[in-house]
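> Here is my input, please return the structure:
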Amino acid sequence: MRTTLNISMPVAMKKNVDLAVKEGNYASVSEFLRDAIRALEENKLFKDIMESEREFAAGKGKKLRSLRDLM
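Model (predicted):
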């Protein structure tokens, strides 16, 4: 299911988005924005993983033996 989102942005930013679409990097403005949101989500996941690795290295983590250990 899809929904519509209306956003506002500075003119210069809109020109950059339109240029990326015009150059063929994206099929549409919607595709551009979806890609940007996915990149944001991937970056958050990466940061979360790195934080977990630091905590585990510092001895704050718990090694799971099974899925039951998650509960």
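> Determine the number of other residues adjacent to Met50.
10 (other Cβ atoms under 10 Å). Quick note: C-beta positions are derived from backbone N, CA and C, even for glycine.
> Kindly state the pLDDT recorded for it?
Turning to Met50, the model gives it a pLDDT of 95.
> Could I get the buried residue list for the top helix by length along the chain?
Longest helix of the chain, by residue count under DSSP state H: helix 29-57. By neighbour count on 16 or more other Cβ atoms under 10 Å, the buried set for helix 29-57 is Phe32.
> which secondary structure elements does it contact?
In this structure, helix 29-57 packs against helix 11-22, with contacts taken as 3 or more Cβ pairs under 8 Å, 6 or more residues apart in numbering; DSSP states H and E.
> quick one: contacts of the helix it packs on?
By Cβ atoms under 8 Å, 6 or more residues apart in numbering, the surrounding residues in contact with helix 11-22 are Met9, Tyr26, Ala27, Ser28, Val29, Glu31, Phe32, Leu33.
> For Arg65, state which of those residues is nearest.
Leu33 (42.3 Å; Cβ to Cβ).
> returning to that earlier point: next, give me the two most distant ones among the contacts of helix 11-22.
Met9 and Ala27 (19.3 Å).
> any idea which helix or strand of the chain has the worst average confidence?
helix 29-57 (a mean of 95; mean pLDDT, DSSP states H and E).
> and the angle for that helix with helix 11-22?
Interaxial angle, helix 29-57 versus helix 11-22 (axes from the mean of the first three to the mean of the last three Cα atoms, to 10 degrees): 100 degrees.
> what's the distance between helix 29-57 and the middle of its chain?
In terms of Cα atoms, centre = their mean, to the nearest Å, the centre of helix 29-57 is found 4 Å from the chain centre.
> and what of stretch 54-71?
Distance, centroid of stretch 54-71 to centroid of chain: 25 Å (Cα atoms, centre = their mean).
> contact partners of it?
Outside stretch 54-71, the residues that reach it (Cβ under 8 Å, 6+ apart) are Ser52.
> Fine, thanks again, bye for now.
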